[in-house]
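Student: Here is the input, now give the coordinates:
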Amino acid sequence: MDCESQRDLLPAYVDGELDLVRQLEIEAHLSSCPACAQTAQGLREAKRALRESLPRYAMPPDVLKKIQSVLPPDSAAPPARRSVVMVLWPYLGMAASLAAMLAAGFAAGWQQGQTNQLTDDAIASHARSLMAQHLMDVVSTDQHTVKPWFAGKIDFAPPVADLASAGFPLVGGRLDLLDHHPAAALVYQRRKHFINLFVWPDGGAPLSTRQASHNGYQTQSWAKDGLNFLAVSEIPPADLADFVQAYRAQTGP
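Tutor: Prediction:
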């Protein structure tokens, strides 16, 4: 990608609005082009300066007045404690119910956000491994060679399966980073495409079983025995589902 063709994309890149493949292409270009990297840095600094200089406004008085109008009217004389409780009881119940709903919604939204972020990170690692020609640290079709290779490099043992008979031969593995923790990336092949199966300790936050598509990539996640599993590839969804089914059948559901 030359400077002229990507110059117009830098604002969208800085704002995080590009698809994953285009973003990785621009990152690769910026790493080898100081002029464009300086332009991107200038855009980031301008964005930060604009955000910090924006004025902050207090709540308008008319909005505050509308809020106060729906509250119970104040009494001239201080009411007895029992009266206060009786007046406020319905509102306390509504507040408690609303708080519970908000807490449940926040927890579900946070978990979904975490899963989405992990999926994006896994897709980025998969794409980067193909672009950077760093798909494997150990090249082998033998599960008894790949699994011992991870010993001493990570503090868990990733389940490695020989799936050649199912049409998904093992071709190797490598060390990667996911969820800020070391992860094992087991590499399988489906015809001319590769499958990265990321395995790492769940840390008390097991992934939900989910299949998703994003920018042409297919992903499928699950958790078992304290480990998270996330498979990524460009193969059709049905093929990836067959891979996961074959893998889980050999390593345990």
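Student: Helices of the stretch 1-150 of the chain, residue ranges please.
Tutor: Remark: helices assigned in the stretch 1-150 of the chain by DSSP state H, counting those that start in this stretch are 3-7, 10-14, 20-32, 34-53, 61-69, 81-131, 143-149.
Student: Go through those and find the least confident stretch.
Tutor: Of all those, the minimum mean pLDDT falls on helix 81-131 (a mean of 58).
Student: Mind listing what's buried along the host helix or strand of residue 238?
Tutor: Using DSSP states H and E, residue 238 sits in helix 237-251. Buried residues in helix 237-251, counting neighbours by 16 or more other CB atoms under 10 Å, are found at 239-240, 242-244, 246-247. To be clear about C-beta, it is placed using only N, CA and C from the backbone, and glycine gets the same treatment.
Student: Check the average confidence over that helix, would you?
Tutor: For helix 237-251, mean pLDDT rounds to 95.
Student: Going by contacts, tell me the helices and strands next to it.
Tutor: Using 3 or more CB pairs under 8 Å, 6 or more residues apart in numbering; DSSP states H and E, the elements in contact with helix 237-251 are strand 181-190, strand 193-201, strand 210-214, strand 217-224, strand 227-233.
Student: Need these in TSV (columns: mean neighbour count).
Tutor: TSV is the format used below for these (neighbours: other CB atoms under 10 Å):
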stretch	mean neighbour count
strand 181-190	22
strand 193-201	22
strand 210-214	13
strand 217-224	20
strand 227-233	24
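Student: can I get these in TSV with distance to residue 24 and mean pLDDT?
Tutor: What follows is the helices and strands packed on helix 237-251, written out as TSV (distance: least, CB to CB, whole Å; pLDDT from 0 to 100):
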stretch	distance to residue 24	mean pLDDT
strand 181-190	17	91
strand 193-201	15	94
strand 210-214	14	86
strand 217-224	12	92
strand 227-233	14	94
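Student: Residue 227 and residue 200 touch, don't they?
Tutor: Yes: assessed by CB atoms under 8 Å, residue 227 is found in contact with residue 200 at 6.9 Å.
Student: overlap in contacts of these two?
Tutor: residue 156 (CB atoms under 8 Å, 6 or more residues apart in numbering).
Student: ok, the residue nearest in space to the middle of the chain - contacts?
Tutor: Centroid-nearest residue in the chain, with CA atoms, centre = their mean: residue 117, separated by 1.2 Å. By CB under 8 Å, 6+ apart, the contact list for residue 117 is empty.
Student: List the buried residues in stretch 17-26.
Tutor: Within stretch 17-26, the residues that qualify as buried are 18, 20, 22-26, counting by 16+ other CB under 10 Å.
Student: Show me what residue 139 is bridged to.
Tutor: Beta bridges link residue 139 to residue 172, judged by DSSP bridges.
Student: is it true that it touches residue 171?
Tutor: Yes: judged on CB under 8 Å, residue 139 makes contact with residue 171 at a distance of 6.9 Å.
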